[in-house]
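Chemist: task: produce atomic coordinates for the following.
(4 chains)
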2 protein chains.
Amino acid sequence: MIPVGKYRMTQQRKVILAAVQRDLERHMTADEIYEAVRRKLPRISLGTVYRNLEILAELGAIQKLELTGSVKRFDGNPSRHYHIRCMHCGRVDNAPVAPLQQIEDKLYGATVFTIIGHRLEFEGLCPRCSQEAAADFSPIEEQTKD
Amino acid sequence: MIPVGKYRMTQQRKVILAAVQRDLERHMTADEIYEAVRRKLPRISLGTVYRNLEILAELGAIQKLELTGSVKRFDGNPSRHYHIRCMHCGRVDNAPVAPLQQIEDKLYGATVFTIIGHRLEFEGLCPRCSQEAAADFSPIEEQTKD
DNA sequence: CTACATGCAAATGCTTTGCAACCTA
DNA sequence: TAGGTTGCAAAGCATTTGCATGTAG
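Modeler: Numbering: from 1, shown residues only, chains lettered A, B, ... in the order given. As a prediction, the model looks like this:
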């Protein structure tokens, strides 16, 4: 835990970083991180969580994910990779696909823009929501309201 | 302008649709559409613009784009295609690249998700912002503050 | 005529920010 | 002990919604 630049390594920052890094395959929202961190530091504020996530992303320790929808998620693995999002519950996992560098080649000369990069996001249903969807279509099992 | 289902074709809806379809290569935010429509219908409200964009997207006449960042944009071309976004000013254009269906094949068997689709967004600089960036790096021309 | 639609304003959801007190290096 | 950091609360921003009135079919 080495302080970098003008930043200090506070207790809050440490616990927030640990929370984001806890499961590198699944990615939480700021609010979920807040709830997780609160179990260790009950007096922490949501503002502090947002501020630290911003700083940790700036330092390159984590990355901020801007996927479809209005809520951002945070990834404890700062290296470039794609994600898959559940269209039903919003769960975001890593997508086990290597970055496709050549994808940008198709655009050269075809656009007036200077191309810098690309973002690829897969959409689907997580196991839990797939199962629910299957049950909803099943003509055999009766559905019970919750 | 045929009314579809339970929906009516009001003056407001017509003008909003026309505004979105006006330039099929560039995509506006709700607020930009509001400003454009206001020149024809000065008493329209922003709420009406949002409501109609939602309905037009539901009808499949336009599509709502959820790209990086917090503001949505609307595309008068409802068919599937990719986009390129200026990282500096937010301008969004069509990306002249055919949809890559096979891209999802790489994920089959490698994820616990049921794959439904993907979203690909290119990032770069629009001509205006490229030019500004070039000027900022030029050792020859003096910069003047605005 | 009767739903659907509108204008207005208030409410929402997520995120950011101002400020005084507090801590880390 | 200086300046980054915190908790708290208020503000910000894009979008949505409740309601009384208006209007398309």
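
Chemist: which parts of chain A are strands?
Modeler: Applying DSSP state E to chain A gives strands spanning A:28-29, A:63-65, A:73-75, A:82-86, A:92-95, A:114-125.

Chemist: average pLDDT for the first one?
Modeler: So the one you mean is strand A:28-29. Mean pLDDT, computed over strand A:28-29, is 98.

Chemist: quick one: is that strand near DNA strand C?
Modeler: Yes: shown here: strand A:28-29 in contact with DNA strand C (CB under 7 Å from any atom of the strand) through A:Thr29. Quick note: C-beta positions are derived from backbone N, CA and C, even for glycine.

Chemist: so that strand, near DNA strand D or not?
Modeler: No: Strand A:28-29 lies out of reach of DNA strand D by CB under 7 Å from any atom of the strand, never closer than 14.4 Å.

Chemist: what pairs with that strand, parallel or antiparallel?
Modeler: strand A:73-75 (antiparallel) (DSSP bridges).

Chemist: now the partner strand, how far from the centre of its chain.
Modeler: Strand A:73-75 sits 3 Å away from the centroid of its parent chain (CA atoms, centre = their mean, to the nearest Å).

Chemist: what does stretch A:37-51 give?
Modeler: So, by CA atoms, centre = their mean, the centroid of stretch A:37-51 is 18 Å from its chain's centroid.

Chemist: report the mean confidence score over that stretch.
Modeler: Rounded mean pLDDT across stretch A:37-51 is 98.

Chemist: buried stuff in it?
Modeler: For stretch A:37-51, burial by neighbour count (16 or more other CB atoms under 10 Å in any protein chain shown) applies to A:Val37, A:Arg38, A:Ile44, A:Thr48, A:Val49, A:Tyr50.

Chemist: can you give me the end-to-end span of that stretch?
Modeler: With CA to CA, to the nearest Å applied, stretch A:37-51 spans 14 Å between its terminal residues.

Chemist: check whether it contacts chain B.
Modeler: No: judged by CB under 8 Å from any CB of the partner chain, stretch A:37-51 stays clear of chain B, getting no closer than 14.1 Å.

Chemist: contacting residues around A:His81?
Modeler: A:Asn94, A:Ala95, A:Val97, A:Pro99 (CB atoms under 8 Å, 6 or more residues apart in numbering or on different chains).

Chemist: and the residue in chain A positioned nearest to DNA strand C, how far from A:Gln12?
Modeler: Closest to DNA strand C within chain A is A:Gly47: 2.9 Å, counting by CB to the nearest atom of the strand. Here the criterion is CB to CB, to the nearest Å. By it, A:Gly47 lies 11 Å from A:Gln12.

Chemist: A:Gly109 now?
Modeler: In terms of CB to CB, A:Gly109 sits 49 Å off from A:Gln12.

Chemist: contact residues of chain A facing DNA strand C?
Modeler: A:3, A:8-11, A:29-31, A:46-47, A:50-51, A:54, A:70-72.

Chemist: pull the most distant pair out of the residues you listed.
Modeler: A:Pro3 and A:Ser70 (33.0 Å; CB to CB).

Chemist: returning to what we had before: A:Gly109 and A:Gln12: who's more crowded?
Modeler: A:Gln12 (18 against 7; other CB atoms under 10 Å in any protein chain shown).
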